[in-house]
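Kindly generate the corresponding structure for this input.
(chains A and B)
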Amino acid sequence: MSNEATLHSQQEVMHGAHDHHDHDHHHEDSFISKYVFSLDHKMIAKQFLITGIIWAIIGAFFSVVFRLQLGFPDATFPWLESILGHWAKGGRITPEAYYALVTMHGTILVFFVLTAGLSGTFSNLLIPLQVGARDMASPFMNCLSYWFFFLASLVMMASLFVQTGPASGGWTMYPPLSALGDASIGSKIGVDLWLISMALFVVSQLLGGLNYISTLLNMRTKGMSMTKMPLTIWSFFFTAVLGVLSFPVLLSGFILLLMDRHAGTSFYLSDIFIAGKALANEGGSAILYQHLFWFLGHPEVYIIILPAMGMVSEVLAVSSRKPIFGYLAMIGSLFAICILAFLVWAHHMFVTGLNPFLGAFFVLLTLLIAVPSAIKVFNWLTTIWKGNIRFTPASLFSIGFVSTFISGGLTGIWLGNSSIDIHLHDTYFVIAHFHIVMGVSAFFGMFAGIYHWFPKMYGRFMNNTIGYIHFWVTLIGAYLIFWPMHYEGMAGMPRRYFDYSSWTSFNQFGGLNQFISIVVILVFATQLLFVFNFFYSIFKGRKLTEQNPWKATSLEWTTPINPGHGNWPGEIPEVHRWAYDYSKDGRDFIPQTEPIGPNESAH
Amino acid sequence: MDTAVTAKKKWWDGGYSPFNVSYGKLMMWYFLVSDAFTFGALLISYGTIRFSSTSWPDPNEVFRSFPGMGHANLPLVFVSLMTFILIMSSVTMVLAVHAGHMRDKKAVAKWLTWTVIGGACFLACQAWEWTHLYHEGAWWGRNPFHNVDGTLASTNFTNFFFTITGFHGLHVTSGVILNIIILANVLKGTYEERGHYEMVEKVGLYWHFVDLVWVFVFTCFYLL
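Okay, the predicted model is just below:
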């Protein structure tokens, strides 16, 4: 068959099949095929989001419980005993429970909420809608991706209920603590379940990521060149690339760890004594695991933050009625971050036995990330500069994102220097840094996305007043929680300790810790308010009366208010211009579908 | 559908696949890149541990048996046979893909069958080798072989050998299963009806990848 003929038959398959697809899907869906094993990318996005919300409540609640311990080490809370049983004898959590809670808080928030819940939701929702495709390249694999995530969730949830408790050696699961069941109560079956759950999670990420990449490369509608795509899509693209390349390395690390646990191997183990008895393991290296883990672990923080960056770029342009400043620089900086993400992992290991000579290079590469990050920050600021800003909850959260990304990013420059890191590593300074720059920021991006695209998901608005309360309490609360931790960290207060009251050096922070814990409870309650707003608005929110409530240019707002499977009832619209023609030629906005006029120059 | 493909066509402007391939093939390529990272991580781990060891067993001493040859000293002969079988199965896969382009159903079925047989033979060889090593006392956590310099070896020689060749064997197994499924579809006429044999190409990509990985695994464990 000639090359040309192959090409035509393949295009037939690609585009033809999907058009047929669309017509086939007008039949009545059963409850199972519509809500459970749905193939519609929009429903799968909602499944990811709601599962993520449930996990977020659990993960955040865990932090409330251990903050109670840190803020009020001498108080007892009898209700804790009634929910945690012997893990909180007498109303005070045990040290084992504390470590389990901290570990699960990290695991849940990093992987299940801010990876699956964030990019799983918005890549699924927005990629087909914004590039102009009927659905994902492979809807079936997309469905599998969610259900593998669901399975991973089930296993992780089950691990919370086993007799010896869940994994509790920290979310990084470092050996030898995690490799030896005898090392601690939290290293028993909890770790096995953790590893199995995470392996399923990697499969889910891979299925999803391959789909995202091939959809946005292959299924773009006519006219949608790469540089006409909204920045959301670019950020999802780089996120997916990072995931596809880094998660498999984590999987290899986990395979070796499982072997060390159960097959008597010594990949990570050497020269170890447990309870005074020498183990036979010899020749392994615990540092090896750290390399494998952080080769994922560092790109992982960009997997978390890039989707938030993309959505914030989009929301800021829409709400300030101005084109995004430096569109190509935004893409370029995303690309630079994506490359550098793979070259800096060892800055997590400056003090764990890494050769200091090697550390010097990782310092340089780490500090280089400040360049693309700063480009992005300045572009966001110049985008809203002198804009006619509409302060919707989505735009407030986007501005909040820029704020926390700056203040959390600056402390990253401190920690990226290996010499300063000797003092600051494993202190509350580190906790403050990564919670602000990736925890709070990513959540702000996620909230911005939810408030902004909720009308597309459910055909209704979320309540604005609750949205404003949610924003201000969360922003102020986040700073009140994490800002003081910088001081604690600089004073040398180590992280992961159960009780600081017996240390003279850290006694002085008793009141501060109490203050932080009280703010944590307030902020947690406000998040519950958001969750209420979310579910209430699904059923009772103000109904959308127009297709394009935010007056945005991008393609998702050209679909009907409640789009069916296939997104556009007729032909998929053709795209003629980039997604940021706001306030152009005296017009508020020009949709991407409008051809370039005779007196107009394309961007 | 466009009538002609001209040199001026803007492939990246949407409406087409920029690489001129279906999404399925694209996904397979990206999956293989991802899988390459999995194997890469395992082999680099192996390298790290081996370089940090003072000495390591000599593969010519360890892998010197051949089925039915008793205690004859035939270093690396059996693994060469295994490698030859696997590479030949790649050749038959190429022929199957080529026959698919020609829309020659019978030839596709024939060459796919040979590929399945080749894969199965490789797995059988691996099973024999593993059993043989097991009877010599080697397993995860047990290493009867001494280092080249005569010192006592750590168990990591066998640990990595069984883990990585096992992981590769798992890939071969899933490849054989995929090939059997595709073969069944070929015989049922699914692809004849569809008008093209692209599925054969996709499993072909996977099969060649598994083959390529073996070349690296083979080099790392038997030659170095």
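
contacts and neighbour counts: CA atoms only from here.
Fine.

Now do the same for stretch A:265-279: mean pLDDT, whole number.
For stretch A:265-279, mean pLDDT rounds to 92.

Dump it to CSV, restricted to CA.
Only the C-alpha atoms of stretch A:265-279 are listed here, as CSV (Å, rounded to 0.1, in the frame of the first residue of the first chain):
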residue,chain,number,x,y,z
THR,A,265,16.8,-9.7,48.4
SER,A,266,19.2,-6.9,49.5
PHE,A,267,18.7,-4.2,46.8
TYR,A,268,18.4,-1.5,49.4
LEU,A,269,19.7,-3.3,52.5
SER,A,270,23.2,-3.7,53.9
ASP,A,271,24.8,-3.9,57.3
ILE,A,272,21.6,-3.7,59.4
PHE,A,273,20.9,-4.5,63.0
ILE,A,274,17.4,-4.9,64.4
ALA,A,275,17.0,-5.3,68.1
GLY,A,276,20.7,-6.0,68.5
LYS,A,277,20.6,-8.8,65.9
ALA,A,278,22.6,-8.5,62.7
LEU,A,279,20.7,-9.2,59.4
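
and the gap between the nearest residue to residue A:448 once chain neighbours are set aside and residue A:160?
Of all residues not flanking residue A:448 in the chain, residue A:394 sits nearest, at 4.1 Å (Cα to Cα, 6 or more residues apart in numbering or on different chains). In this view, residue A:394 and residue A:160 are 34 Å apart by Cα to Cα, to the nearest Å.

Next: residue B:157.
36 Å.

Looking at the two, which has the bigger crowd around it?
Shown here are residue B:157 and residue A:160; by other Cα atoms under 10 Å in any protein chain shown, residue B:157 has more neighbours (24 against 18).

Quick check: residues of chain B near chain A?
Contact residues (Cα under 8 Å from any Cα of the partner chain) of chain B with chain A: B:1, B:5, B:12-18, B:20-23, B:26-27, B:30-31, B:33-35, B:37-42, B:45, B:48-49, B:53, B:101-102, B:140-141, B:154-156, B:159.

Determine the set of other helices and strands touching the helix or strand hosting residue B:129.
Element membership of residue B:129 [criterion: DSSP states H and E] is helix B:105-135. Here helix B:105-135 is seen to pack against helix B:77-101, helix B:156-188 when contacts are counted using 3 or more Cα pairs under 8 Å, 6 or more residues apart in numbering or on different chains; DSSP states H and E.

between these, which one is nearest to residue A:367?
Counting by Cα to Cα, residue A:367 lies closest to helix B:156-188 out of the helices and strands packed on helix B:105-135; the figure is 36.1 Å.

Rounded mean pLDDT for that closest one, please.
96.

could you say what helices and strands it packs with?
helix B:23-51, helix B:105-135, helix B:198-218.

Could you find the closest non-adjacent residue to residue A:526?
In space, and not counting its chain neighbours, residue A:526 is closest to residue A:470: 5.9 Å by Cα to Cα, 6+ apart.

Quick check: buried residues in the helix or strand that that neighbour is a member of?
Taking DSSP H and E as the definition, one finds residue A:470 inside helix A:464-490. Using 16 or more other Cα atoms under 10 Å in any protein chain shown as the test for burial, helix A:464-490 gives A:467-468, A:470-475, A:477-479, A:481-486, A:488-490.

Can you give the distance of it from its chain's centre?
In terms of Cα atoms, centre = their mean, to the nearest Å, the centre of helix A:464-490 is set 19 Å apart from its chain centre.

The residue nearest to residue A:526 contacts residue A:524, correct?
No: contact criterion Cα atoms under 8 Å: residue A:470 and residue A:524 do not qualify, at 10.4 Å.

Stretch A:87-100 - what's its average pLDDT?
Here the average pLDDT along stretch A:87-100 is 94.

what's the span of it, first residue to last?
End-to-end distance of stretch A:87-100 (Cα to Cα): 10 Å.

ok, the residue nearest to residue B:178 when sequence neighbours are not counted to chain A distance?
Computed as Cα to Cα, 6+ apart, the closest residue to residue B:178 that is not its neighbour in sequence is residue B:203, at 6.9 Å. In this view, residue B:203 and chain A are 17 Å apart by Cα to the nearest Cα, to the nearest Å.

Show me where chain A dips below the pLDDT cut-off.
A:1-28 (pLDDT under 70).

give me the number of residues near residue 110?
Using chain A here. Close neighbours of residue A:110, defined as other Cα under 10 Å, add up to 23.

Chain B was what I was after
Counted with other Cα under 10 Å, the neighbours of residue B:110 add up to 15.

residues touching the closest residue to it other than its chain neighbours, list them.
With Cα to Cα, 6+ apart as the measure, residue B:96 is the residue that lies nearest to residue B:110, at 7.6 Å, once sequence neighbours are left out. By Cα atoms under 8 Å, 6 or more residues apart in numbering or on different chains, the contact set of residue B:96 is B:107-112, B:200.

From these, list the buried ones, please.
For the contacts of residue B:96, buried by 16+ other Cα under 10 Å: B:107-109, B:111-112, B:200.

domains in chain A, as residue ranges please.
Domain assignment for chain A by automatic domain parsing gives A:35-270, A:542-603.

Can you list the residue ranges for helices in the stretch 1-150 of chain A?
Remark: helices assigned in the stretch 1-150 of chain A by DSSP state H, counting those that start in this stretch are A:3-11, A:17-24, A:31, A:41-71, A:78-84, A:95-107, A:121-131, A:139-159.

closest to residue B:176 out of the helices and strands packed on helix B:156-188?
helix B:105-135 (5.7 Å).

Run the angle between that closest one and helix B:198-218 for me.
30 degrees (axes from the mean of the first three to the mean of the last three Cα atoms, to 10 degrees).

How far off centre is helix B:105-135?
11 Å.

repeat for stretch B:60-69
22 Å.

and the closest residue to residue A:328 other than its chain neighbours, backbone torsions?
For residue A:328, ignoring the flanking residues on the chain, the nearest one in space by Cα to Cα, 6+ apart is residue A:227 at 7.9 Å. Residue A:227 has phi and psi values of phi -90, psi 10 when expressed as degrees, to the nearest 10.

got any ranges where chain B has weak pLDDT?
B:1-8.

Was I right to think residue A:171 contacts residue A:109?
No: using Cα under 8 Å, residue A:171 is not in contact with residue A:109; the gap is 10.1 Å.

Counting neighbours, go ahead and name the busier of those two.
Higher neighbour count among residue A:171 and residue A:109: residue A:109, with 21 against 18, using other Cα under 10 Å.

Contacts only, for the more buried one.
With Cα under 8 Å, 6+ apart, residue A:109 has these contacts: A:55-56, A:59-60.

The same query, at a cut-off of 7 Å, please.
Applying Cα atoms under 7 Å, 6 or more residues apart in numbering or on different chains to residue A:109 gives the contacts A:56, A:59.

From residue A:115, how far off is it?
8 Å.

Strands along chain A, start to end?
Secondary structure of chain A, counting by DSSP state E: strands at A:273-274, A:277-278, A:582-584, A:587-589.

what's the first one in contact with?
Contacts of strand A:273-274 from elsewhere in the structure, counted by Cα under 7 Å, 6+ apart, are A:183, A:279.

Name every strand pairing with it and say which way it goes.
Each strand that pairs with strand A:273-274, with its direction, by DSSP bridges: strand A:277-278 (antiparallel).

Give me the phi and psi for residue B:63.
phi -100, psi 80.

Hmm, residue B:76 and it touching each other?
Yes: using Cα atoms under 7 Å, residue B:63 is in contact with residue B:76, at 5.7 Å.

relative to helix A:121-131, how tilted is the lengthiest helix in chain A?
Among all segments of chain A classified by DSSP state H, the helix with the greatest residue count is helix A:286-320. If you take the same axes, to 10 degrees, helix A:286-320 sits at 50 degrees to helix A:121-131.
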